[in-house]
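Engineer: model the structure of this input:
(chains A, B, C and D)
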2 protein chains.
Amino acid sequence: MGDGREELLPQPDIQDIQLEKVLQALGDPVRLKLLAIYAREGEQCDCDPRRFGLQHLHKSTVSHHMKVLRDAGVTSTKVVGRNRHVRLRREELDERFPGLVDVLLASLDAQAGV
Amino acid sequence: MGDGREELLPQPDIQDIQLEKVLQALGDPVRLKLLAIYAREGEQCDCDPRRFGLQHLHKSTVSHHMKVLRDAGVTSTKVVGRNRHVRLRREELDERFPGLVDVLLASLDAQAGV
DNA sequence: GGGATTGTTGGGCGATCGTCAAACAGTTCC
DNA sequence: GGAACTGTTTGACGATCGCCCAACAATCCC
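Structural biologist: Prediction:
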């Protein structure tokens, strides 16, 4: 029933985002990589593992990681046709935990030796 | 053999501290609380659960959490007599991941509504 | 409609996690 | 030496995790 609607997958409200859940969600190599990708590439990314160097993971596994990030409040997912457009909830995270996303991304860069 | 030595329990070198491990270590309510305590109260804290509002946890459980934090590079533990003096490795963490500890502590305060 | 595409859901599996309990080791003090 | 104290280690338990596979649902396109 392709009526052109763009539906948002369920996600927590800003005030319900818990630091513990965010850290737990990001304490995983795949999801930490996804964070970096979404921060750099923005909204137009979807779940296609080939684009993310996640070829080795089953599509359902990637879908699972996306759900963890979404449930923790890190990302927002919009249903567009057959695809999912995922973006970092940067403004909201910046409002709730100022500087957190920036520091995490900088830490990732520092660790990679950039 | 109380010869007055102060031995350091094994801990990773600065450059071996992994962001993923740090986030994983802190993605737990008990260890997040321990982080806040060490940041506020400093070195003279030891493992006594009564002082931390951790009365409900067995001493071996607390010991386990301390080891996780130490192995992740978050804390440093010095053996002093029968006690362990635990401190946040703040300078080293600030060097490796600038701003991370500050942001985490501020996020904890923000979440608590301070 | 029918096939192809994209992603979710549910089940299952081995690994890890958080917890407790019991045993152990080192230190302090009598 | 021996008792008390502090914390670690080991083993066990249920719960959760990360992963895959198969089945399903929704969409797009012919």
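Engineer: near DNA strand C, which residues of chain A?
Structural biologist: A:9, A:46-48, A:59-60, A:62-64, A:66-67, A:77, A:82-84 (C-beta under 7 Å from any atom of the strand). In this view, the C-beta of every residue, glycine as well, is placed from N, C-alpha and C.
Engineer: just give me the closest of those to DNA strand D.
Structural biologist: Nearest to DNA strand D among the residues of chain A next to DNA strand C is residue A:60, at 3.1 Å by C-beta to the nearest atom of the strand.
Engineer: could you tell me the phi and psi values at the closest one?
Structural biologist: Per-residue torsions, residue A:60: phi -70, psi -30 (degrees, to the nearest 10).
Engineer: how about the spatially most central residue of chain A, phi and psi?
Structural biologist: Closest to where the C-alpha atoms of chain A average out (C-alpha atoms, centre = their mean) is residue A:75, at 3.9 Å. Main-chain torsions, residue A:75, degrees, to the nearest 10: phi -120, psi 170.
Engineer: what bridges to it?
Structural biologist: Taking DSSP bridges as the rule, residue A:75 bridges to residue A:88.
Engineer: OK, contacts around it?
Structural biologist: Counting by C-beta atoms under 8 Å, 6 or more residues apart in numbering or on different chains, residue A:75 touches A:11, A:34, A:38, A:66, A:69, A:86-89.
Engineer: could you pull out the helices for chain A?
Structural biologist: A:19-26, A:29-41, A:59-72, A:90-96, A:100-111 (DSSP state H).
Engineer: is the longest one in proximity to chain B?
Structural biologist: No - against chain B, helix A:59-72 shows no contacts by C-beta under 8 Å from any C-beta of the partner chain, the least distance being 9.6 Å.
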